[in-house]
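In: coords below, sequence missing:
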């Protein structure tokens, strides 16, 4: 599928959904969000299967990393603490632009460096390939629970990002290891019961 056609298809789906089906944030009735995210997912699948995409991502990894770090520094300077109320209009606009740039550049940098550094078969890659679904399913809930409790305890600040990331990674790793060991135990019991 051509990149421009894919991009137009995503915009068309967004425009169509926006006119008749506004976002509701309800998992059962939010057809706008379902259509936008499904199209984005499918667009990503198509792009990931193209070698030109990966070449462009690898070529852009260094500028993307520089932009990611620059945006992170600017965001930390723009929002040194969590705002007590709504930020000024210019501050909110600048924050949105910087946050969006940060997010996309971080994705490009991570994918570009991963394509170079993790493009070989080894024990770590095999382990992470088996663990990815567990991490994917758990990470959002774990992050939100950690952030909720930090806020409830009065410990939430703009600098809470890294502790939340590290704690989320650690909890997901522990949950995966627990799941893996339970699977091994259950399989052994089933084999023993059959034999």
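Out: Looks like it arrived, so ask away. Keep in mind it's a predicted model, so treat the numbers as computed, not measured.
In: Could you list the low-pLDDT ranges of this protein?
Out: Low-confidence segments of the chain (pLDDT under 70): 1-21, 81-84, 158, 195.
In: Can you name the element that comes right after the helix or strand hosting residue 41?
Out: Secondary structure from DSSP states H and E places residue 41 in helix 31-48. For helix 31-48, the following helix or strand on the C-terminal side (DSSP H and E) is helix 51-78.
In: and the next element down the chain from that next one?
Out: Assigned by DSSP H and E, the successor of helix 51-78 is helix 89-117.
In: Just want the angle from that next one to helix 51-78.
Out: Here helix 89-117 runs at 140 degrees with respect to helix 51-78, directions being taken by axes from the mean of the first three to the mean of the last three Cα atoms, to 10 degrees.
In: Counting neighbours, what do you get for residue 58?
Out: Using other Cβ atoms under 10 Å, residue 58 has 17 other residues around it. All C-beta spots, glycine's among them, are computed from the backbone N, C-alpha and C.
In: How about residue 22?
Out: Number of residues near residue 22 (other Cβ under 10 Å) recorded here: 11.
In: Next: residue 146.
Out: 19.
In: Okay, buried residues for the strand or helix carrying it please.
Out: Secondary structure from DSSP H and E places residue 146 in helix 123-152. Neighbour counts over helix 123-152 (16 or more other Cβ atoms under 10 Å) mark 131, 134, 135, 138, 142, 143, 146, 147, 150 as buried.
In: Remind me what it packs against, helices and strands.
Out: helix 161-194 (3 or more Cβ pairs under 8 Å, 6 or more residues apart in numbering; DSSP states H and E).
In: The helix it packs on versus helix 123-152: what angle between them?
Out: Using the same axes, to 10 degrees: helix 161-194 against helix 123-152 is 120 degrees.
In: elements contacting helix 161-194?
Out: Using 3+ Cβ pairs under 8 Å, 6+ apart: helix 161-194 touches helix 123-152.
In: quick one: residue 167 from residue 107, how far?
Out: 22 Å (Cβ to Cβ, to the nearest Å).
In: Mind checking which of those two has more residues around it?
Out: Neighbour tally, residue 167 and residue 107, criterion other Cβ under 10 Å: the higher count belongs to residue 167, 17 against 14.
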